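J.: Can you look at this prediction? I've put the sequence above it.
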Amino acid sequence: MKAIQVYDVLRKPVITEKSTALQSSGKYVFEIAKTANKTQVKEAVEKAFKVTVTSVNVMIVKGQLKRVGRGTTVTPSKKKAIVTLKAGDKIELVEGV
């Protein structure tokens with residue numbers, strides 16, 4: 001299996017009202033590569049942000065049906081991960097955005 005790089009696994013942080021509410025309990029949400037698994041996400045977050053990850057929850061978000069004129073199209077599906085950090089750790093890049 002080919003080794004995947006840190007920033008190939010973590011695409012971008014998800015900044016929504018729900019995800020910022022989760023940050024107070026030490027949980028951060030990232031959009032990740034479709035081929036990434038929980039172990040790769042854990043290693044990538046620990047290496048990129050120098051924190052300790054306690055758990056990773058992964059989910060696939062299906063694309064939505066959108067109307068374009070008379071036709072319809074589907075937005076692409078994506079995969080996201082909710083990463084729980086050890087108590088006291090935080091990711092400054094995402095904090096307070």
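T.: Received it, and whenever you're ready, just let me know what you need.
J.: gap between stretch 40-58 and the chain center?
T.: Centroid separation for stretch 40-58 versus its chain: 10 Å, with Cα atoms, centre = their mean, to the nearest Å.
J.: so how many other residues sit close to I60?
T.: I60 has 9 neighbours, counted by other Cβ atoms under 10 Å. Just so you know, the C-beta spots here come from the backbone N, C-alpha and C atoms, and that holds for glycine as well.
J.: wait, what's in contact with the closest residue to K62 other than its chain neighbours?
T.: Among residues not flanking K62 along the chain, S77 sits closest, at 5.2 Å (Cβ to Cβ, 6 or more residues apart in numbering). When contacts are counted by Cβ atoms under 8 Å, 6 or more residues apart in numbering, S77 touches K34, I60, V61, K62, G63.
J.: can you map out the helices along this protein?
T.: Remark: helices assigned in the chain by DSSP state H are 6-9, 17-22, 38-49.
J.: now the strands: where do they sit in the protein?
T.: 10-13, 27-32, 53-61, 65-68, 71-74, 78-85 (DSSP state E).
J.: Reformat the helices of the chain as CSV; add distance to A81.
T.: Output for the helices of the chain, formatted as CSV (distance: least, Cβ to Cβ, whole Å):
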stretch, distance to A81
helix 6-9, 9
helix 17-22, 11
helix 38-49, 5
